[in-house]
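> sequence first, then the predicted structure:
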Amino acid sequence: MIDIHELKKQCPDYSFLHMDTVGSTNEYLKEHLDLPEKTVVIAEEQTRGKGRKGRSFYSPKGCGIYLSLLIKPQDSLDSVFDLTAITALSALKAIQTIYGITPSIKWLNDLLVHGQKIAGILCESLFFGSQIKAMILGIGINVHAFERPAEIASVAASIEDFSPIKKPRSILIAKFLNFFDEYLAAPDKALEDYRKQLAYVNQKVYIHQAGQISTGIIRGIDDHFHLLIENEHGQQESLVSAEISIRPWIQS
Ligand code: BTN
């Protein structure tokens, strides 16, 4: 069980709601938007964990961190995009600090170790007219080794598959929230660190976008975390859409 008492001590600015089972922590927050900013919902298990693009996120009991953080941004859409990237980076830094392994970031927000996904992030924005009302930052991290269903066996892994270090999950959550606060206060540092961890830099990738597949070479990110791609004609493009999917290019 996650030690919420310890978390409250380590992260006094946050409020925590801890559940044994929930459909999805993101959905829970969506139904409780009146909760204060910086509320963190943590579940031991999700029965309908959601991933990006309508996928599910396998969330077996006690094996991972299934967490959603409620933010009420005052700012523009750009800062919302930044928040998504900062969430991924903060999770990466927390994992690196505690477990001594350094995942890479598959833009925008999957964490990979040796090409296998150990964490995913689903950020959802809720609008009131054209104003952002709230943002829900949902993070799923596979911590303990777990029995993987066949459909994710080749692509998913857990931190403990790569690190011998065992720590309570509350320590990882506290570190994540500490990094999140630090990066929010230092966005330039967030850009610098994100760039260092970006996966597939200078490599050719497939880009799936709006039903089309193209190839390009990843050149980095711009100052708004948009992905810089050199397209098939040698021109540089910046990609913003969160609906892009990237796969390493495999020569046949
Ligand atoms: C992805 O891999 O595409 C994103 C996965 C996000 C999973 C987390 S777990 C906590 C939060 N609640 C959900 O239903 N999804 C996110």
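Yep, that arrived.
> only the buried residues of stretch 224-235, if you could.
For stretch 224-235, the neighbour count (16 or more other C-beta atoms under 10 Å) marks 225-229 as buried. Heads up, the C-betas are built off the backbone N, CA and C, glycines and all.
> need the contact list for whichever residue of the chain sits closest to the ligand.
Nearest to the ligand, among the residues of the chain, is residue 120, at 2.1 Å (C-beta to the nearest ligand atom). In this structure, residue 120 makes contact with 51-52, 57, 109-111, 139-140, judged by C-beta atoms under 8 Å, 6 or more residues apart in numbering.
> let's go with 6 Å and repeat that
By C-beta atoms under 6 Å, 6 or more residues apart in numbering, the contact set of residue 120 is 51, 110, 140.
> give me the element it is part of.
strand 116-128 (DSSP states H and E).
> now residue 65: closest residue in space, sequence neighbours ignored.
Nearest residue to residue 65, sequence neighbours excluded (C-beta to C-beta, 6 or more residues apart in numbering): residue 141, at 4.3 Å.
> ok, what's across the strand from that neighbour?
Beta bridges link residue 141 to residue 65, residue 119 when assigned by DSSP bridges.
> give me the neighbour count for it.
For residue 141, the count of nearby residues is 23 (other C-beta atoms under 10 Å).
> kindly report the same for residue 164.
7.
> could you check the pLDDT of the closest residue to residue 3 other than its chain neighbours?
Nearest residue to residue 3, sequence neighbours excluded (C-beta to C-beta, 6+ apart): residue 170, at 4.3 Å. Note on residue 170: pLDDT of 96.
> cool, the one 4 residues further on as well?
pLDDT, the model's per-residue confidence, is 97 for residue 174.
> same question, residue 86
95.
> give me the element residue 145 is part of.
Residue 145 belongs to no helix or strand, assigned by DSSP H and E.
> which parts of the protein are helices?
Per DSSP state H, the chain carries helices over the ranges 4-10, 25-30, 77-99, 169-185, 187-197.
> the residue nearest to residue 65 reaches residue 63, doesn't it?
No. Residue 141 is not in contact with residue 63 according to C-beta atoms under 6 Å; the separation is 9.8 Å.
> what's the residue closest to the geometric middle of the protein?
Nearest to the geometric centre of the chain sits residue 121, at 2.8 Å (C-alpha atoms, centre = their mean).
> burial of the spatially closest residue to that one that is not a sequence neighbour, as a residue count?
Excluding its sequence neighbours, the residue lying closest to residue 121 (C-beta to C-beta, 6+ apart) is residue 109, at 4.0 Å. Using other C-beta under 10 Å, residue 109 is surrounded by 24 other residues.
> quick one: contacts for residue 109?
Counting by C-beta under 6 Å, 6+ apart, residue 109 touches 84, 88, 121.
> ok, now residue 248?
Per C-beta under 6 Å, 6+ apart, neighbours of residue 248: residue 205.
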